[in-house]
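Undergrad: Just the structure for this:
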Amino acid sequence: MTNLKKSILSFKKISLDDYDLINSYLINQPFRICDYTPGVLYMWKGYLNYEFAISHDTLIIKSNLKGNVTFSIPLGEGDVKKALDSIKEYCLFHNIPMNFHGVTEPAAKILTDHFGDIFEIRNLENWGEYIYRYSDLLYLKGKKYHSKRNHINQFARNYHDYVFKEIKIEDIPRIRDFSENYYQQVQKDQALFYREKEMLYNILNDYHRLRLIGGYLEVEGNIAAFSIGEIQRDILFVHIEKADREYKGSYAVINNEFLNYFKHEDVYFVNREEDVGDEGLRKAKMSYHPIEIIKKFSVKQKI
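TA: Below is the predicted model:
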């Protein structure tokens, strides 16, 4: 028991003071999912009670939603197998099942190769992440993007003086006001839709410290749409994208302008994240013709 106590993981709450340390492990994560980006971790850290620990030069994220404790696969270039054993020891010590979140197919294989057949693995159908070629969404070439080009052209005709601007600190109050109006006007059944509002305000409060990228469309002095994301390795993640549908075509334009403004020669893919079971959102994401939908799984220890 003494050795177990000495080797037990020590978790601490995620805070902005640990941004550089956490990001040093996330920046090279190979799984290409938004769960392991600083923006999403800091956005949802309060709701999911995120904590982290460093084990054998890997980062482990622990969440606790209403008593349901889950872990990320160890992230980083350290000894993943020893870090997994540390998670096992921690769970034994605290008498909790060893459950994992944000598990892709390659991550699930790592878990089963190491621990064997001890898990129930279930595909989370509403939580797959949509991956696109950056060049496809930027240039919108070919017949399949005809309607997107039409939306953009129509917007340009109707609002010929529109401008795209990068979000600066002084713009945050305007983005917040736009968001407040958006959530008042748009009605959806999903509870997560309204939880998202709180999470958006979390990152707006600390926008200047989170190193996110963002921009907005301005029409006659009014914000018509905005988008916030971040770049990790060769992927641009789009975390938040909101538009006023009274400006017809605004979603197509903010999507395209955002990618054009922040394009970089080393970024080849766009991750537009999950549809969370929202049929309208699913249809919109499919309309941009993803090259892949990264499946994610619930991995729970068999009782």
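Undergrad: Do a quick rundown of the strands in the chain.
TA: 12-13, 51-55, 58-65, 68-71, 100-103, 119-123, 129-133, 163-166, 213-219, 222-232, 235-243, 269-271, 292-294, 297-301 (DSSP state E).
Undergrad: would you turn those strands into JSON lines with distance to Arg176 and mean neighbour count?
TA: From N, CA and C alone the C-beta is placed, and that goes for glycine too. Listed next are these as JSON lines, based on distance: least, Cβ to Cβ, whole Å; neighbours: other Cβ atoms under 10 Å:
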{"stretch": "strand 12-13", "distance to Arg176": "25", "mean neighbour count": "11"}
{"stretch": "strand 51-55", "distance to Arg176": "28", "mean neighbour count": "21"}
{"stretch": "strand 58-65", "distance to Arg176": "26", "mean neighbour count": "20"}
{"stretch": "strand 68-71", "distance to Arg176": "31", "mean neighbour count": "19"}
{"stretch": "strand 100-103", "distance to Arg176": "29", "mean neighbour count": "24"}
{"stretch": "strand 119-123", "distance to Arg176": "37", "mean neighbour count": "14"}
{"stretch": "strand 129-133", "distance to Arg176": "27", "mean neighbour count": "20"}
{"stretch": "strand 163-166", "distance to Arg176": "16", "mean neighbour count": "14"}
{"stretch": "strand 213-219", "distance to Arg176": "12", "mean neighbour count": "22"}
{"stretch": "strand 222-232", "distance to Arg176": "10", "mean neighbour count": "22"}
{"stretch": "strand 235-243", "distance to Arg176": "12", "mean neighbour count": "21"}
{"stretch": "strand 269-271", "distance to Arg176": "25", "mean neighbour count": "23"}
{"stretch": "strand 292-294", "distance to Arg176": "31", "mean neighbour count": "16"}
{"stretch": "strand 297-301", "distance to Arg176": "34", "mean neighbour count": "19"}
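Undergrad: For the residue nearest the centre of the chain, give me its contacts.
TA: When the chain is reduced to its mean C-alpha position, the nearest residue by Cα atoms, centre = their mean turns out to be Cys34, at 3.2 Å. Residues in contact with Cys34 (Cβ atoms under 8 Å, 6 or more residues apart in numbering) are Val40, Glu129, Phe237, His239, Asn271, Glu273, Glu274.
Undergrad: Phe155 now?
TA: Tyr162, Tyr247, Lys248, Gly249, Ser250, Ala252, Val253.
Undergrad: Please report how far the fifth one lies from Thr112.
TA: Okay, so that is Ser250. Applying Cβ to Cβ, to the nearest Å, the value for Ser250 to Thr112 is 45 Å.
Undergrad: what's around Asn95, how many residues?
TA: Number of residues near Asn95 (other Cβ atoms under 10 Å) recorded here: 6.
Undergrad: between the contacts of Cys34, which is nearest Glu196?
TA: His239 (10.1 Å; Cβ to Cβ).
Undergrad: isn't the closest one right up against Leu41?
TA: No - counting by Cβ atoms under 8 Å, His239 stays clear of Leu41, with 10.9 Å between them.
Undergrad: Return a ChimeraX selection command for the buried portion of the contacts of Phe155.
TA: Selection of buried members from those for ChimeraX, criterion 16 or more other Cβ atoms under 10 Å:
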select :162,247,249,250,252,253
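Undergrad: these two touch, right, Phe164 and Asn255?
TA: No - assessed by Cβ under 8 Å, Phe164 is found out of contact with Asn255, at 11.2 Å.
Undergrad: hmm, back to that, keep only those of the contacts of Phe155 that are in helices.
TA: If you go by DSSP state H, the contacts of Phe155 have Ser250, Ala252, Val253 in helices.
Undergrad: Export the residues you listed as CSV, with columns for pLDDT and distance to Asn222.
TA: CSV is the format used below for the ones in helices among the contacts of Phe155 (pLDDT from 0 to 100; distance: Cβ to Cβ, whole Å):
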residue, pLDDT, distance to Asn222
Ser250, 97, 11
Ala252, 98, 18
Val253, 98, 14
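Undergrad: For Gly102, state which of the residues you listed is nearest.
TA: The closest of the ones in helices among the contacts of Phe155, once distances to Gly102 are taken by Cβ to Cβ, is Ala252, at 29.9 Å.
Undergrad: what's near enough to touch the closest one?
TA: Lys148, His151, Ile152, Phe155.
Undergrad: Those in helices, which ones?
TA: Reading helices off the contacts of Ala252 with DSSP H, I get Lys148, His151, Ile152, Phe155.
Undergrad: Quick check on those: which are buried?
TA: By 16+ other Cβ under 10 Å, these give Lys148, His151, Ile152, Phe155 as buried.
Undergrad: I'd assumed Asn255 was in contact with the third one.
TA: Spelled out, that is Ile152. No - using Cβ under 8 Å, Ile152 is not in contact with Asn255, being 9.1 Å away.
Undergrad: of all the strands of the chain, which lies closest to Glu198?
TA: The nearest among those, by Cβ to Cβ, is strand 235-243 at 12.5 Å.
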